[in-house]
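Enquirer: Model the following, please.
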Amino acid sequence: MQQQSSSSRTVNITPRPISGDYKSFQTIGVSLTPNYIRTETVHAKSFKQAAQLSLDRVVDITYDTSSSVMNLAKFITNGDKTVGQRVSGPIGAIKVGSDVFASNDASAIFAFAAAISINLAVINSLPLPALDGGQMAFVLGEAVYGEKIDQRTQEEINAVAFLILFLASIGSSIGDVEGFLIQ
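Expert: Sure, this is the predicted structure:
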């Protein structure tokens, strides 16, 4: 029922199936369902094959994560206004994690933990002050120029960078909440 001024109007609403299968749940409007589908388990025939498969998967996830970070940097430098919709913050990560845990699939949970660890490693290795990659940049800068960077200057740069990273985290969290409300 929709209220317009002092008159009322009847609106017919027909529920739609979630998956296209008419035997599945039907919804009107927002449906809160996990977006996790499945994780495939591969059984290795030997320890050597297991190590190789694991290494290949870690390399794939690291490459995908690095590519995503590079694409994000392109979007930011090009002034793309949809960057907030492309990035998930801590709240989005918790949502995805809860979807994976709801699957009750042990291999999916381990894969999710591995993906989070690799994502953190890639992000932490970026040459941004306040991250480990930034500290490496300071060390490399000292090696190239042959003199130590003033400790006070380094602390001030790290403080500003930390503030920017903190604000980016807050912004991505706001984007996560907006995304949940709009869906």
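
Enquirer: Check for me that Ser8 belongs to a helix.
Expert: No. Under the criterion used here (DSSP: H, G, I helix; E, B strand; the rest coil), Ser8 is strand, not part of a helix.

Enquirer: Tell me how many other residues surround it.
Expert: 9 (other C-beta atoms under 10 Å). To be clear about C-beta, it is placed using only N, CA and C from the backbone, and glycine gets the same treatment.

Enquirer: and it, what are its bridge partners?
Expert: Gln3 (DSSP bridges).

Enquirer: out of everything not next to it in sequence, what's closest to the spatially most central residue of the chain?
Expert: Nearest to the geometric centre of the chain sits Ser88, at 4.3 Å (C-alpha atoms, centre = their mean). Leaving aside its chain neighbours, Ser88 sits nearest to Asp176 (6.1 Å; criterion: C-beta to C-beta, 6 or more residues apart in numbering).

Enquirer: any idea how far Ala121 lies from Ala115?
Expert: To Ala115, Ala121 is 11 Å away according to C-beta to C-beta, to the nearest Å.

Enquirer: just Asn78 next, same as before
Expert: 27 Å.

Enquirer: Comparing these two, which residue is more hemmed in?
Expert: When neighbours are counted by other C-beta under 10 Å, Asn78 and Ala115 differ, and Ala115 comes out ahead with 19 against 8.

Enquirer: list the helices and strands the host helix or strand of the more buried one packs on?
Expert: Taking DSSP states H and E as the definition, Ala115 sits inside helix 106-124. Packed against helix 106-124 by the contact rule (3 or more C-beta pairs under 8 Å, 6 or more residues apart in numbering; DSSP states H and E) you find helix 47-77, helix 90-102.

Enquirer: looking at the ones you listed, which is closest to Leu140?
Expert: Leu140 lies closest, by C-beta to C-beta, to one member of these: helix 47-77, at 19.4 Å.

Enquirer: mind checking how far the closest one is from the chain centre?
Expert: Mean C-alpha position of helix 47-77 versus that of the full chain (C-alpha atoms, centre = their mean, to the nearest Å) differs by 14 Å.

Enquirer: Check which helices and strands that helix sits against.
Expert: Applying 3+ C-beta pairs under 8 Å, 6+ apart, one finds that helix 47-77 contacts helix 83-86, helix 106-124.
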